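Asks: requesting a structural model of the entry that follows:
(2 chains)
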Amino acid sequence: MFTLKGNRLPAADVKNIIFFVRPRLELMDIIAENVLSEDRRGPVRDFHILFVPRRSLLCEQRLKDLGVLGSFIHREEYSLDLIPFDGDLLSMESEGAFKECYLEGDQTSLYHAAKGLMTLQALYGTIPQIFGKGECARQVANMMIRMKREFTGSQNSIFPVFDNLLLLDRNVDLLTPLATQLTYEGLIDEIYGIQNSYAKLPPEKFAPKKQGDGEAKKLQLNSAEELYAEIRDKNFNAVGSVLSKKAKVISAAFEERHNAKTVGEIKQFVSQLPHMQAARGSLANHTSIAELIKDVTTSEDFFDKLTVEQEFMSGIDTDKVNNYIEDCIAQKHPLIKVLRLVCLQSVCNSGLKQKVLDYYKREILQTYGYEHILTLYNLEKAGLLKPQTGGRNNYPTIRKTLRLWMDDVNEQNPTDISYVYSGYAPLSVRLAQLLSRPGWRSIEEVLRILPGPHFEERQPLPTGLQKKRQPGENRVTLIFFLGGVTFAEIAALRFLSQLEDGGTEYVIATTKLMNGSSWIEALMEKPF
Amino acid sequence: MNRTKGDEEEYWNSSKFKAFTFDDEDDELSQLKESKRAVNSLRDFVDDDDDDDLERVSWSGEPVGSRTRPGSFQSLSDALSDTPAKTYAPELGRPKGEYKDYSNDWSPSDTVRRLRKGKVCSLERFRSLQDKLQLLEEAVSMHDGNVITAVLIFLKRTLCKEILFRELEVRQVALRHLIHFLKEIGDQKLLLDLFRFLDRTEELALSHYREHLNIQDPEKRKEFLKTCIGLPFSAEDSAHIQDHYTLLERQIIIEANDRHLESAGQTEIFRKHPRKASILNMPLVTTLFYSCFYHYTEAEGTFSSPINLKKTFKIPDKQYVLTALAARAKLRAWHDVDALFTTKNWLGYTKKRAPIGFHRVVEILHKNSAPVQILQEYVNLVEDVDTKLNLATKFKCHDVVIDTCRDLKDRQQLLAYRSKVDKGSAEEEKIDALLSSPQIRWKN
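Replies: Modelled structure (predicted):
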């Protein structure tokens, strides 16, 4: 399998070439280039194209405009809607979903989400209860119900795995992605970016291998790696002790070789070697990564930034121009960093006072360029950076009712989801938590303040498939974030899943795995 | 690849993808006895690769490509074509009358369902406005983006602009879809017309302004920006757009002038610090920095003087001082830095003031490797004592540390600091003198 690139196709002795792509116009240009650069003298090859997850009229038109549409023998679609990233995590990996849904009112991604859910139900049984909060959630539920009607006749006889589906609009909680994540995995994503479970890291702290020096170190990060599964969702401050304990355990294990006296014992030791070596390699990698992260988290600027974020989230001084933000602009820190902070302030203040907003806007445009008017407009439209209407700040009510800010956080042995941001409990996860126990009726008032309708739907199951949970048996909830989810939120949900008397286990689905920076970046206007 | 458009159309139209699907169970055509027999007899030797043969010949004997048939068949992709649709699929040998009825039987909902499956389908027969709108409604209720797009393309082609806009104004989903579609294919003109019709003035203005990102040539971009002034932006944004135009206008002049000076080789500043990049399209603050760097002493009258920039763009004092400081510090022009902060009061005494807090000044000076004496002077001006001590310690301004400890009467801290100064230095002596002085009442 080759990565799509411009110019010529790589040399290969094959008759058929299949392009396996998302339906994006820019990719059509590259494909046309590939097709047109074919060597006429060589053997004729057959081209096919598979769109994931759906064919697109516009893409085919583009291919036609570029004169290559006729070159394709098969033009099909491959309905891969939800991609499994881990045992409890699925993503559509649709970067444009948030912008399309919340800025443009385009429901295509929602349609795909609904289709993905139908596929899941075909495999794992009809989900008996659907809860939702948000406009898009409502649309997806409607689509699901409609799709189910259209497929009547084929009754699903699979015993349901999921008890509930919770659909949540991203814009119900605009705050969480803006804050800097503080879990181990969250920080890797914030600092280096995790793409498709891979992270590229600077090579300095890693033992050089075959690859040339200076090349970034690429690591795959998922729960198949024991150590990673253990530390990924911990607050970063709790990782160090795990690593040092692990180091002792591994050292001791290797020391065992001195105790092996008999052939049998030696044989046993040797058989365990691969596992121990893997464990040691894993420990070495994560020790290096932890060191890299620590360099960042112990820096003065990180501390200053975190202080400001936490002030905003606890409701302090959200109504005036912030000195740290001003300094960042004056020193021309990366624009996305600045935008995250001003948006955070705006969300924690239910919008900024016009004077404050104008001031920030002017500083930003003068420092980074006037063309960013377009980005600022998008941010306003998304509700992230806007003037305060009605003069009323709702955030304190939401914060207090949902207990979003917890003063005493235990980072080492957490008792509450607020550990993922060292004090701030992700609003979205809090909503899920309260839905499970004691139910949303207890927070009616807050739900009305948050945008979009909230609802409940039941999908009838044939008798015989209706499940009765044993006492002590956990319910399984599939929670679907429409517009993106962060690793910190995933960590928080996993925390809830493993609580002794939690009552609910979560499987997480989303349109995109993201962080505050990739989120804002997707909202920036670029040249066509 | 130089295929003529005609060739290409034919090639495209005859591609296997367009094959009429004999497998279609719910296809009303299969209900026809005659056709069913014919179809079944073909099944034996038809396989995917041989569809070509079937496609080219019509069952009634007429060669494909003739446009005599009413109700031409179209697939989803064919809907894109601006030329009238061609007949290319086999037409079954039914009496003309029946055939006509048959094709008109397909309701909008059937049509839309067929479109969704990517099947051959006719849109041309939806002639009346009502029919077209019904088709649109069906498409929208299906939530399928491709189908909605196909129908919109058809409507765009067969309805006049005004009617299309009027009808979509009250159909939010279709409207949003059209806007998204026009943005994707880059039909800027129709998009702006649409915004104008809907009176979405701010979006109209921003959409128009957005185009400037695609214009590389500075003169052309400048001219384009001029057309953006006066568009219905919000009051604040209008000012920014005006500034954007003015800034680029100035930058073009400055760039031309400076490039000339640089190549002439006579100006010292350009010789010592050759320019690394053009000033075109840089943000305002960057331009100010550039101006403070290369044109600091120029009088207000020139476009490239910092004062001119300050006045034209109403740059606040804070921003101005910060930028000028950074530029002059980079050039190690300490006198200029001094002058920035020195003001004469009415008695003729000079005093140093800063609109930005002297700790910031110190940081910038340090970043530019200012000599310790200069640093020290500004550290001394920091008002907050803790900050002052911190900075002094950080930047090794010994005298300031010593004096501050003395003022705070903090013996312990002074003692601790003693180990940080060089042995036998003047500072060490000074510390010792203070520590042994009987006149100071230390607090610890």
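
Asks: near chain B, which residues of the stretch 51-200 of chain A? Just list them.
Replies: Near chain B, the residues belonging to the stretch 51-200 of chain A are A:54-58, A:60-61, A:64, A:67-70, A:72-75, A:100, A:104-108, A:110-111, A:143 when assessed by Cβ under 8 Å from any Cβ of the partner chain. C-betas here are computed from N, CA, C, even on glycine.

Asks: just the buried residues of those.
Replies: Among these, those classed as buried by 16 or more other Cβ atoms under 10 Å in any protein chain shown are A:54-58, A:60-61, A:64, A:67-70, A:72-73, A:75, A:100, A:104-108, A:110-111, A:143.

Asks: which ones among the residues you listed are found in strands?
Replies: Counted as lying in strands by DSSP state E, out of these, are A:72, A:73, A:75.

Asks: for those, which one is nearest residue A:44?
Replies: residue A:73 (11.4 Å; Cβ to Cβ).

Asks: I'd say the closest one and residue A:48 touch.
Replies: Yes. Using Cβ atoms under 8 Å, residue A:73 is in contact with residue A:48, at 5.6 Å.

Asks: where in the chain is pLDDT low?
Replies: Defaulting to chain A. A:152-155, A:208-214, A:467, A:527-528 (pLDDT under 70).

Asks: let me rephrase: I mean chain B.
Replies: B:1-105, B:117-122, B:345-350.

Asks: what segments of the stretch 51-200 of chain B are helices?
Replies: For the stretch 51-200 of chain B, the helices defined by DSSP state H, counting those that start in this stretch occupy B:51-56, B:96-105, B:108-116, B:129-142, B:145-158, B:161-169, B:172-185, B:188-197.

Asks: mind putting those helices in a markdown table, distance to chain A included?
Replies: Below are the helices of the stretch 51-200 of chain B laid out as a markdown table (distance: least, Cβ to the nearest Cβ, whole Å):
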| stretch | distance to chain A |
| --- | --- |
| helix B:51-56 | 11 |
| helix B:96-105 | 22 |
| helix B:108-116 | 10 |
| helix B:129-142 | 9 |
| helix B:145-158 | 4 |
| helix B:161-169 | 13 |
| helix B:172-185 | 4 |
| helix B:188-197 | 10 |
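
Asks: tell me the most buried of the ones you listed?
Replies: helix B:145-158 (a mean of 22; mean count of other Cβ atoms under 10 Å in any protein chain shown).

Asks: what's in contact with that one?
Replies: A:54-58, A:106, A:108, A:111, B:76, B:79-80, B:82, B:112, B:115-116, B:123, B:126, B:132, B:135-136, B:139-140, B:142, B:164, B:173-174, B:177-178, B:181, B:190 (Cβ atoms under 8 Å, 6 or more residues apart in numbering or on different chains).

Asks: what's the angle between it and helix B:172-185?
Replies: 80 degrees (axes from the mean of the first three to the mean of the last three Cα atoms, to 10 degrees).

Asks: these two touch, right, residue A:383 and residue A:172?
Replies: No. Applying Cβ under 8 Å as the test, residue A:383 and residue A:172 come out as separate, 10.5 Å apart.

Asks: spell out which parts of the stretch 351-500 of chain A neighbour chain B.
Replies: A:358, A:361-363, A:365-371, A:373-374, A:377.

Asks: could you rerun that using 10 Å?
Replies: With the criterion set to Cβ under 10 Å from any Cβ of the partner chain, the stretch 351-500 of chain A comes near chain B through A:354, A:357-359, A:361-374, A:376-378, A:381.

Asks: gap between whichever residue of the stretch 301-444 of chain B sits closest to chain A and residue A:278?
Replies: Closest approach of the stretch 301-444 of chain B to chain A (Cβ to the nearest Cβ) occurs at residue B:322, with a separation of 5.7 Å. Note on residue B:322: its distance to residue A:278, by Cβ to Cβ, to the nearest Å, is 53 Å.
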